[in-house]
Structure formats: structure tokens, C-alpha cells
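> I would like to see how this sequence folds:
(chains A, B and C)
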Amino acid sequence: MGPAGACLAPRTRTKPGDQWFAVTEMFERAVNIFWVLLGAAAASYAWTLGIIGSSGPDSGLFPFVSALMIMGSGLVLLLQPRDAALAPDFPRGAALGRVLGASGGLAFMAISIPFLGFAVAGFVTMIILLHTIEKSGWVFSVSLAFVSVAAVDWLFGRVLGMALPSGPWGW
Amino acid sequence: MRNPRIAFVFLAISLSALLATPAAAQGDGAKADLAKLKPKDFPTGPIEFTVVYPAGGGMDVTARLLAKHVEKWSGDRIVVNNRTGGAGMVGHAYLATQAKPDGYTVGVIANLMWGDAMLRAQNRWAYTDLEPIGYLNSDALTWVGPTEGPYKGMSVRQIVALAKDKPGTIRAATVPGSMWDYILDQVEANTGAKFLRVPFQGGGAGINALAGENVDIAQGFYSEFRGLAEAGKVTPIGVASSERMSFLKDTPTMNEALGGNEYLWNVIRFVVVPKGTPADRKAYLKAAIEAAMKDPELVAEYVKAGVYFDPKLTNAARMETNLNEYAEREREFYQKTGRLK
Amino acid sequence: MEALVGLLTGFGVIMTPANLYLCFLGSLIGTLVGVLPGVGPLAALALLLPVTFTLSPVGGMVMLASIFYGAMYGGSTTSILLNIPGEAASVVTCIDGHQMAKQGRAGAALGIAAIGSFVAGTLGVIVMTFCAPAIAAVAIRFGPPENFALMVLGVVCTLFMITRSPVKGALMIALGFLTATVGIDVVNGRERFTFGSVDLSAGIELLAVVIGLFGVTEILSNVEATVKSTVVAERIRGLWPTLADWRASWRPMLRGSGLGFFLGLVPGGGPVTASFMSYAVEKRISARPERFGKGAIEGVAGPESANNAAVAGSLIPVLSLGIPGNPVTALLLGALVIQGIQPGPLFITQRPDLFWGIVASMYVGNVFLLLLNLPLVGLWAQLLRIPYRVLFPIVLLLSVVGTYSANKNVFDLWVMLGFGIAGYVLHKLNYDLAPFIIAFVLAPLLEQSLRQSLAMSPHGAMIFIERPATLLMLLCSAGLIALMLRPLPNTKGGRL
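Next up is the predicted model:
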């Protein structure tokens, strides 16, 4: 398997004709269209920055060429026939819920850190993640959350002297 | 007060050879005066000195030396924090718009902030959103020439004459969008010379390129070229100040070399707080910085870095007025050269 | 043999209990900092700089330097164990190192990483000892055209990291280039793709991208599965590298050392570039390149050696000329200045005690680090036994703090999350993610040196042919591309 991914999830072999297969095919196509649009938008923005200036390439050249490459690749991918063996196996059901939950947890943390401070935001997020995603018991979740947040806070905040954002209670 | 990284630091200090810094000559009188000005509930935590340039650079070193001495005199804990990006723009915008004006954030910045405020802030903030509370030092922009190659040993006048005879052949290191460009603009406009400008991210990078014979002249500050100059790899040829520097007695000023009085470009380093900081905290911080700046040790360390102290700004009472005057003069320059409408 | 005399002086300076202690302390802190995702040597040095005020100049510099190369030892740990890079220079180690961990060979991977780091670090210092001034004199002549050629070589090496569809790989590279342009154009100071946002005008933080693209993506992928309970499915097989591992690794270690040292010398090179160029070289040279990406130990030995050698390389311009090549060495220079010492070409003659003290400390430091890291291998490998449901929230917390530590800006957390989700989706769609990161890292210097070169050239693009070093590197790049296009014996033909 490739660089960043465990992929020990059981690969549910999607078959052509499967409804899920059609959904994933649409998704892939949408992504390829996205590349084309992104490339086109970036290229036109780069054009306004100027391609060639008085002393050689201007600000826009590099992004322009890159954007064209993105657009071109996206087009090639759109026009290619789809290889069924490589169909992406997006998670379904409970697995999807877990992934969305983890992402949601991170988003929640990013939103709440400025208001609640790192310690509280981290504590709450961890409890949510442990309890809902990994289905751990309340006691376990709360205690692990507490210990981890305290440890990280001690390590970074005290030992390394880095100021972690503090909440309305001062820590 | 929070106890910082006690385990490591305590062990490190306790077992290492201490370079004992001699006690400052001022004594406890000044410290007591400062303590009198301290507001009741301030500070309860570390004060952040924000530096908008990367760690290790000239501004950063200035700030850290200042922080060291302010800590000594006030007893408060100071943490130097580098908020870099956009050649200072990110840090300036942070100080002007996002930092809380509660006295816990202090900016150690330079007059380059005015350029950001006037040309690039897009009306999001103005330089008056940052109130100066102390002047540190000034550094004059210096032209540096090579010690090898066809242009070695030439004076500013000779190089400019060459740049006029053969336009576009003399490679000059510059930092786009700042005084490096402006002085080249001035020289070109006044003498008809034309340089081939090579952009770099800072003066230091340009000087290093000069030492490697990748450009023909470079510009920077004393602390940036001193090491290479002492080793004979580069040599200063012109200073953009009104008088010669005491540590560069043989280097003429740009005005001497080219005539006129407009080649005056320097970096002014000073300390600011965001507008709206409570008056008592602002006064305390101001006094703390003043006390540190009177410390002969700090002055000696700055002098070693090749700075000078502008007499118009060392007088605390007139500092803010004169600083603003300099700022407005810069605005006029931008308007005159069409950069600002 | 004045170098030997100098070295002996240096050992004399450093062999005091105080200085030895500081060297050890720095190594320890460096390892710790390297292990923690996000917090890299730069952050640690900036935080600990005030501590050096109270130390002697030698002591302070020795400690700071040992944190720098110590971080390169520790950085591979989380890369191998958790597929989360300790810092940018360890991204490449994730690729094969983590696969080895999943096959139960974490011990071997960690061991080879530590030993490779030691070999490279020591070899680097030896070269430093005898050749520093000579090398420095050459290095200083490296100008924008040479930098450009080097970056082109780097981009070509990136092509070797594409394991799946070449079109998707090219797209990732182009995307990396495009994303790197967000921010302020250093050549003329104009804002690009910032849309009025102050946060974007600083550019997109590399650390946030790395942790997001590798760390968060990894967490999301793992969370998706319930079947396994620990990171490693198989039993941990032995803690030490086998003889076969040694045989496979010693040559990559040497190659990585050489390559890394050279890349550390040039500004804009450094440990990050060194690590993935070494990976590309190893993959290209290997008789069986299809093993790469599935747990080939050469993919760990080479890069880990390269990033350590790069540290030694990057210290040469600093100590011999007073010229910093990257932010960490710039900070080391700042520390010297604060101590009242003027770095520059005269540093070695004005303060031989300091110069040789630092060089000598690097020999000692590398030994300390080897002694520190090897026993820890067993400990780290046991970490993989912790059930994932306990591990992952902690890893998540560390990722958040690590990312935040870069700029103290919550915006970076959103960048991390965004790239994490995008990385997860793209990985599902069979895109390679490593080329994106590499392109993102290389793009700024590639573009800047291109434009600088053209600005300083009296006859346009001819400058790339006029300068011998530049021409040589460009020819190498062209040669590599030609080699790539020629079909390898076991490529699956025709699949785009």
C-alpha cells in the first residue's frame, strides 16, 4: 500500500452494478472535475498577476504553469476509462460514522480552543472521541482524557515553556 | 508566576560554568523607582516581546538582549516570541489588530513597519495603532563592495559611474519593496545609472551572495557584513546616513560620495504596545525599558553590533513626536514616488 | 595536520563535566523534541535560547548544536511507529519505516535508523574536521543558478516517489507547487492567492500540512477500521536488525551520508531535501525497486543517514563563514551574537576554543545519541502494543499541539484538519501524497532561484549553461528523466 494509510480495513470489493460503486464513480468524477475547475480558476487568477514582467518572470508565471498542469491532469483523468479493480472503498455505515466523528472532533477542537483554551477543549474533545468513536466506557474516557491532557499540558506548557492557549479560567 | 521548565533548566544552570555577568552600576535605586510604578495586578504572567522576524536575525538578537535586561531590572518574566511571515507583515498585522492591548504583548519592531502600514495594510490598520514606548537604536543602510573581481576597491562614485556607462551590467542585491529598492531608485534617478537588480529576502543574503561573487554590490547593516568584512571578503563603501559612523571612519557617506542630502536610509528599532493599552501598564513598561536602556551593559552590547543612537529619539519626551515625524516623511516619499496615491 | 591539533584542543575544551553534561542534556532534549510530532529543533532552540545566557559560550553552543542533530535521531521514531513524522525531515521515513513496523519489524527499522544516523553524523563531523574551510570556500560560490539546478534535481527525484498513476502523481506535484505560492511573493513583495486574509499572507505552514497530510490522514484511516486493536497486527519479531538487514543497509547509509552532507552545505538544502533525495536515489539504484513502499530497509537507512549528514553539512557555512543556510542555523548564529561573539570567516582563528569545541562536541554528541536511542528501541517497540483506542486520542492531542507550536496560530489547526481530510480522501482515490509535500517544500526556492538567476543574468537563460556546476546538475536531471522514461523490466505497461 502507499505512503500514508493503514488500510487494514477490510476492502469491501465493490462490483460494477453495485449501487455503492455508482456512487463512488460519481465521486471520483466530481473530484476530477474539481481539478479542472481549480486549475482553470487558479490559472485565470495567476494571469491577472502577470506572467512576464520587466525583468523576467513575474508573480503569476509559476502558479499559472502549475494551474495548467492541474487542469490538464484533471482532463486526462476525466477522459480515462475507469479501472474497476482500483475503485476506492469509501467507508460505509459505522466506519463512516467513526471517520466523520474523528474529523468533527478535530474541528470542534479548532473552533473551541480560542474560547475554552487548550486544556478544556482537549479534555472535552477527547471524551467525545473516546466515548462515541471508540465506544469506551465513561470512566475510562474521562480518566484517559484527563491524564492525557494533563500530561501534554505539562510537557509542552511547563517543561518546554510553550504558552498554550488558555481559556477564560486562566489555564 | 509559572515556573518554567524547572527540571532541565535548574540542572543545567546548577552544573554548568556560569558566566557571571557583572552587577550593573546603577544599583537598587533605579530598581526601587521602577517597582513604585508597577501596577497592582500586573504582571501575573509572562510578558511577550513579539519579534516579527525570524529567530537569530538582527532584530531578534536586539529584542533578546533587551528582554534579558528588562527582566533584570523589573524582575518580570519576558518571553520572546517570533511571529514571522510576509517579511514582517504578519507580525505587524497581529500587533495592530489581533493582540490584546492588556500590557502582556509588546512589539519590538522597526521603522519598516511604516511601509507595511502605508503600502500594504489595505486600510486594515495604520501605524498609529501601535504606540511607541521606547527607542532602542538605529542602523544605517550601508553599501558593500567586493574585494575580488573587476569592481574591487572601487568607491561608490566609481561604481555608479560604471553603472551609468554600461547600464544593466552591475548586479546589485536588493530586497524588493523596501529601502533597499528605494535608495537604488534614488541613485538611478539622480545619476542616470542603471543597475541590474537581483532580489533577495534580506540584506544578509545579498551580502553572502556578494562574498560568493554572485552579485557586484550589496546593501545591508553592519551586523550583517561585519564578519565577512573583518575577514576581507567584502568591504563597506558607503553609508546612507548624515555622518560617518564611528566604527567605519574610513567609509564615506552616500551623501558625500554622490552629493546632496537625500541618501538617508536607516532602520530604527523601537518598542511599541497596541493602542488601547491601559495607561498605568504602558507607563510601567516604558519605565522598565528606559531602565534597561540606561544599563551600560546593554548599551555596550548594542554598540558592539554596530548601531548608533539617534539623538532625536534618545530623548524620551520628544521620541514619539520625532518618530511620527519620520513616519510622515516616509509617507511623503511614497507619495512623491507614486507608490502612494 | 593543524586540524588534528585543533580537534585535540576541542576535546580538551569539551571534556569537562559541565560541558559533557550540557552535550548530553542537549542530546536528550533533541531526541525528545524529534520524537514529538510538530515541535522541531527550531522551536526547541528558540525556547531554550534564553537558557544559554547563563551558560558559557562553549556550553551554550554545544547544547544548542546537540539539540539540532539530536532531533534528527528522534524524528524517525514516530514516523516508523505511527506513520506520523516527527518533523519534516522524517516524512520519507514514514513510507517504508511504518510498513516495516506493521510487519513486526519496528525494532529493526528503529535500530537501523539510529545506527545510520550515528554513522552519518560521525562521518559528517570527520569531513568537517579536515575540510571545513576548503569546503566553505566552494560553498559560498553557490549562487541562484546552482540553487535552481539543485531544486530541479530535487523535483526530478520526486518523480521517483510516484508509485501509482503517473498522471495523479504529476497532479499532486503541480498542486504542491500551486499551494506553495499562496502568500507573499518574496521576489517582488506582492500577495498571491491571499484574498485579503492576514493568515494566508504568511503562506501555508509546512508543519500543518505535514501533520495533516500524514498524521491526521493516518488517524482517520485507522479509526475507520475496527478489526485491529493495535497498530501492529503481527507479533513483534525480534528487536534488532538481522544480518540481512545490515547487508542491505550499509551501502545506503554511506550513500545517504555523502548525499546528505553535500545537500546540507547549500542554502535551501538541508535535512528535508536530503532525506527524500536519498530515498529517490536508493529506489533508483535498487535491483528490486518494487519493494520500496512495502518495507524496504534501504528506504529507512538512506534517508535517516542523509538527514543527519545534512546537519553536519549545514554547520560548515555557519562555523566557517558565518552564513546560515536554514532557520535553525540562523538561530545558532544569533545565539553566538548574543554571547558577544562575531561569527564569520575569522571565527575559527579568533575563537579556536569555541570552533573546535563545537566540532569535538559533535563526536561526543553522536555517541551519546547512539547510546540513548538504541536501548530506547525496545521501549518504543513496546509502545505499539498499546491498544489503538488509547493511543489515538493522545496522538491527536500531540498533533494539535505540535501544529500549534509552529506559529501559535489557530488557523494552522484548520489547515491541518483540511489537509488531513483531503489527504484521507485522496488516499482512498489512489493518489500518492508524498510528491505533494516534496513539491510544496521545493517550490519556493525553485521559483525564487529561477527568478533571481534570470534577474542577474545578462543574457537570459544562458546563465544556466554558462556556469559549470549548474550545467552539470541540469544534465544529471535530464539524464534521470531519460532513465525514467525507459521502461524498467517489471513495470506494468500501459496503465495510466
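
> State the distance from the residue nearest the centre of chain A to C:A43.
Centroid-nearest residue in chain A: A:S103, 7.5 Å away (criterion: C-alpha atoms, centre = their mean). According to C-beta to C-beta, to the nearest Å, A:S103 and C:A43 sit 26 Å apart. Quick note: C-beta positions are derived from backbone N, CA and C, even for glycine.

> picking that back up, in the helix or strand hosting the residue nearest to the centre of chain A, what counts as buried?
With elements taken from DSSP states H and E, the one containing A:S103 is helix A:93-128. Neighbour-count burial for helix A:93-128 flags A:95, A:98-99, A:101-107, A:109-110, A:112-113, A:116-128 (criterion: 16 or more other C-beta atoms under 10 Å in any protein chain shown).

> Equivalent analysis for stretch C:123-130, please.
Buried residues in stretch C:123-130, counted by 16+ other C-beta under 10 Å: C:L123, C:G124, C:V125, C:V127, C:M128, C:T129.

> host element of the fourth one?
In this assignment (DSSP H and E), C:V127 forms part of helix C:106-139.

> Which stretches in the stretch 1-150 of chain B count as helices?
Here the stretch 1-150 of chain B has its helices, by DSSP state H, counting those that start in this stretch, at B:6-15, B:28-37, B:58-74, B:89-93, B:112-115.

> Over to the stretch 151-300 of chain B?
Using DSSP H, counting those that start in this stretch, the helices of the stretch 151-300 of chain B run over residues B:156-165, B:179-191, B:203-211, B:222-230, B:254-258, B:279-294, B:296-304.

> Report the inter-axis angle for the fourth one versus helix B:296-304.
Interaxial angle of helix B:222-230 relative to helix B:296-304 (axes from the mean of the first three to the mean of the last three C-alpha atoms, to 10 degrees): 60 degrees.

> Any buried residues in helix B:222-230, and which?
Buried-residue list, helix B:222-230, by 16+ other C-beta under 10 Å: B:Y222, B:S223, B:E224, B:F225, B:R226, B:G227, B:L228, B:A229, B:E230.

> residues contacting the closest residue to the second one other than its chain neighbours?
Right, B:S223. Leaving aside its chain neighbours, B:S223 sits nearest to B:A305 (4.7 Å; criterion: C-beta to C-beta, 6 or more residues apart in numbering or on different chains). Counting by C-beta atoms under 8 Å, 6 or more residues apart in numbering or on different chains, B:A305 makes contact with B:G58, B:V61, B:T62, B:Y222, B:S223, C:V337.

> again with B:A110
B:M59, B:V267, B:I268, B:R269, B:F270.

> Just the closest of the residues you listed to chain C, please.
The nearest member of the contacts of B:A110 to chain C, counting by C-beta to the nearest C-beta, is B:M59 at 9.9 Å.

> among the helices of the stretch 1-150 of chain B, which is nearest C:E218?
C:E218 lies closest to helix B:89-93 among these, at 29.7 Å (C-beta to C-beta).

> Alpha carbons only: can I get that closest one in CSV?
Coordinates of each C-alpha in helix B:89-93 appear next as CSV, following Å, rounded to 0.1, in the frame of the first residue of the first chain:
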residue,chain,number,x,y,z
MET,B,89,3.7,41.8,7.6
VAL,B,90,2.1,39.0,9.6
GLY,B,91,3.6,40.1,12.9
HIS,B,92,2.8,43.8,12.3
ALA,B,93,-0.8,43.0,11.5
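
> And that helix, what does it pack against?
Packing partners of helix B:89-93 (3 or more C-beta pairs under 8 Å, 6 or more residues apart in numbering or on different chains; DSSP states H and E): strand B:105-110, helix C:198-201.

> possible to save these as TSV with distance to C:I348 and mean pLDDT?
TSV is the format used below for the helices and strands packed on helix B:89-93 (distance: least, C-beta to C-beta, whole Å; pLDDT from 0 to 100):
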stretch	distance to C:I348	mean pLDDT
strand B:105-110	32	94
helix C:198-201	41	79
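
> any idea which of those is most buried?
Highest mean neighbour count of these: strand B:105-110, a mean of 25 (counted as mean count of other C-beta atoms under 10 Å in any protein chain shown).

> Name every strand pairing with it and say which way it goes.
strand B:47-51 (parallel), strand B:266-274 (antiparallel) (DSSP bridges).

> winner for burial among those strands?
Note that of the strands paired with strand B:105-110, strand B:266-274 is the most buried (mean count of other C-beta under 10 Å), with a mean of 23.

> Output the residue of the stretch 151-300 of chain B whose distance to chain C is smallest.
B:G227 (2.0 Å).

> from memory that residue sits against C:V337, does it?
No. With contact defined as C-beta atoms under 8 Å, B:G227 and C:V337 do not form a contacting pair (9.5 Å).

> need the contact list for the residue nearest the centre of chain C.
Nearest to the geometric centre of chain C sits C:A89, at 2.1 Å (C-alpha atoms, centre = their mean). Neighbouring residues of C:A89 by C-beta under 8 Å, 6+ apart: C:M72, C:G75, C:G270, C:P271, C:V272, C:A274, C:S275, C:N307, C:A310.

> Report whether it is found in a strand, as I expect.
No. Applying DSSP: H, G, I helix; E, B strand; the rest coil, one finds C:A89 to be helix, outside a strand.

> In space, what's closest to it - neighbours in sequence excluded?
Nearest non-adjacent residue to C:A89, counting by C-beta to C-beta, 6+ apart: C:P271, 3.8 Å away.

> go on, C:P345?
Distances taken as C-beta to C-beta, 6+ apart place B:A231 nearest to C:P345, at 3.5 Å, with adjacent residues excluded.

> Roughly how far does that neighbour sit from A:A40?
With C-beta to C-beta as the criterion, B:A231 and A:A40 are 53 Å apart.

> Which one of these two is surrounded by more residues?
The neighbour count for B:A231 versus A:A40, taken as other C-beta atoms under 10 Å in any protein chain shown, is higher for B:A231 (18 against 15).

> mind listing the strands for chain C?
Applying DSSP state E to chain C gives strands spanning C:183-184, C:191-192.

> Specify the stretch among these that is closest to B:A172.
Among the strands of chain C, if distance is taken as C-beta to C-beta, the winner is strand C:183-184, at 21.8 Å.

> The closest one pairs with which strands, parallel or anti?
Strand pairing (DSSP bridges) places strand C:183-184 next to strand C:191-192 (antiparallel).

> where's the partner strand relative to the chain centroid, distance-wise?
Here strand C:191-192 is found 28 Å from its chain centre; the criterion is C-alpha atoms, centre = their mean, to the nearest Å.

> same deal with stretch B:83-91?
Remark: stretch B:83-91 is offset 15 Å from the chain centroid, using C-alpha atoms, centre = their mean.

> Give me the contacts around it.
Identification of contacts with stretch B:83-91 by C-beta under 8 Å, 6+ apart yields B:50-54, B:94, B:107, B:109, B:112-113, B:116, B:120, B:175, B:177-178, B:201, C:183-184, C:186, C:189, C:198, C:201-203, C:407-408.

> What residues sit buried inside that stretch?
For stretch B:83-91, a neighbour-count test (16+ other C-beta under 10 Å) marks B:R83, B:T84, B:G85, B:G86, B:A87, B:G88, B:M89, B:V90, B:G91 as buried.

> Out of the residues you listed, which is nearest to chain A?
Nearest to chain A out of those is B:R83 (C-beta to the nearest C-beta; 12.5 Å).

> backbone phi and psi for that closest one, please?
Main-chain torsions, B:R83, degrees, to the nearest 10: phi -110, psi 90.

> could you check the distance from it over to B:V271?
Note on B:R83: its distance to B:V271, by C-beta to C-beta, is 15 Å.

> burial measure for the residue lying closest to C:F160 once chain neighbours are set aside, as a count.
Spatial nearest neighbour of C:F160, excluding adjacent residues (C-beta to C-beta, 6+ apart): C:A280 at 4.0 Å. By other C-beta under 10 Å, 24 other residues sit near C:A280.
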